[in-house]
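In: have a look; sequence and predicted model below, questions after that.
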Amino acid sequence: MAWLAIALLLWAATRVFSRLSGLYQPGEEIRLTASDRALFLLQGGFYQALSPQGKARFEHRVVELVYEKDWEGHGLEVTREMKVRIAAALAQLTFGFNDLLLLHFRRITIHPDAYGTSRTGRRHIGEAVPGLRGLAFSWKHFVEGFSNPGDALNVGLHEAAHALWFENMIPNGEYDFLPSGLLALWKRSASEEMERIRSGRSRLFRAYAATNEAEFFAVAVEYFFEQPVQYRERLPELYACMCKLLRQDPASGAAGPVAGAG
């Protein structure tokens, strides 16, 4: 069986090289074009605020994500625009990390509008389902989430945040990237704020944030990128902790990794 082990090693090496080169998917050229870059301008000001080096790094991350994921449409045909824009949302959240592709969440499913599932018996506009290794989005609501970049209602960033939260806990080549001590500090601050929200004393976040810890994190990510100045002013300790967790500081006016990002 030695030949099988060698074959698997060669396959894995090829796969890793292909992923890191981030340029091609079998049968599909995925170098970014000027039209692709124009799509980033529809996703708020994150890309525009990057330095030239940051833009190149962001583009490379987007290409890696487009290549790394399996894309599936339910009731629509998945287009290049859909892939690039969803990958850009994932890249925005993970940009502070050197090489974080949310590998556990292999499948991305796109629906034209809100959709129902037999698994929950409810309608959804987005989901992160670790057990199925998938993310799902209503394309209509994904686009709407970026159409008003200041309302802190962004299903793309929300579900990306869920994926990052779970990825940190799932043993694989990427997990445990959020420092445990820092995460514990964040959880304590989050718990205190959740109690304020439940008692009607929210300082910023909408009521849904108090659903549970995972939803609080996802809602916090929406405010982190869409209302960062208000977040920093009203919840300074929680904001500072989140800057360290995500290795970004959008309220500073400069997108991308903060000093010391890994």
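Out: Yep, that arrived.
In: can you pull out the strands in the stretch 101-250 of the chain?
Out: Remark: strands assigned in the stretch 101-250 of the chain by DSSP state E, counting those that start in this stretch are 107-111, 115-116, 123-124, 126-129, 134-138.
In: where does the stretch 151-262 of the chain dip in pLDDT?
Out: By pLDDT under 70, the low-scoring segments of the stretch 151-262 of the chain are 254-262.
In: repeat the analysis, applying 50 as the threshold.
Out: 260-262 (pLDDT under 50).
In: how about the strands of the stretch 101-250 of the chain in CSV, adding mean neighbour count and distance to Arg232?
Out: In this view, the C-beta of every residue, glycine as well, is placed from N, C-alpha and C. CSV is the format used below for the strands of the stretch 101-250 of the chain (neighbours: other C-beta atoms under 10 Å; distance: least, C-beta to C-beta, whole Å):
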stretch, mean neighbour count, distance to Arg232
strand 107-111, 20, 31
strand 115-116, 15, 36
strand 123-124, 14, 31
strand 126-129, 21, 26
strand 134-138, 22, 28
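In: how about these in JSON lines, adding mean pLDDT and distance to Ser252?
Out: Formatted as JSON lines, the strands of the stretch 101-250 of the chain follow (pLDDT from 0 to 100; distance: least, C-beta to C-beta, whole Å):
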{"stretch": "strand 107-111", "mean pLDDT": "98", "distance to Ser252": "31"}
{"stretch": "strand 115-116", "mean pLDDT": "94", "distance to Ser252": "38"}
{"stretch": "strand 123-124", "mean pLDDT": "94", "distance to Ser252": "34"}
{"stretch": "strand 126-129", "mean pLDDT": "97", "distance to Ser252": "28"}
{"stretch": "strand 134-138", "mean pLDDT": "98", "distance to Ser252": "29"}
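In: quote the end-to-end distance of stretch 119-132.
Out: End-to-end span of stretch 119-132 (C-alpha to C-alpha, to the nearest Å): 11 Å.
In: can you list contacts of that stretch?
Out: 104-105, 107, 114-117, 134-138, 141-142, 155-156, 158-159, 162-163, 166, 170 (C-beta atoms under 8 Å, 6 or more residues apart in numbering).
In: about what we covered before: so which of the strands of the stretch 101-250 of the chain gets nearest Cys241?
Out: strand 126-129 (22.1 Å; C-beta to C-beta).
In: direction included, what does the closest one pair up with?
Out: strand 134-138 (antiparallel) (DSSP bridges).
In: now do the partner strand against strand 107-111: the angle between them, please.
Out: 20 degrees (axes from the mean of the first three to the mean of the last three C-alpha atoms, to 10 degrees).
In: output strand 134-138 as PDB, restricted to C-alpha atoms.
Out: Only the C-alpha atoms of strand 134-138 are listed here, as PDB (Å, rounded to 0.1, in the frame of the first residue of the first chain):
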ATOM      1  CA  GLY A 134     -21.800  24.700   4.400                       C
ATOM      2  CA  LEU A 135     -22.800  28.300   4.100                       C
ATOM      3  CA  ALA A 136     -26.100  29.400   2.500                       C
ATOM      4  CA  PHE A 137     -27.200  32.800   1.300                       C
ATOM      5  CA  SER A 138     -30.300  34.400  -0.200                       C
END
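In: may I see the buried residues of stretch 153-165?
Out: Within stretch 153-165, the residues that count as buried by 16 or more other C-beta atoms under 10 Å are 153-165.
In: sounds good, over and out.
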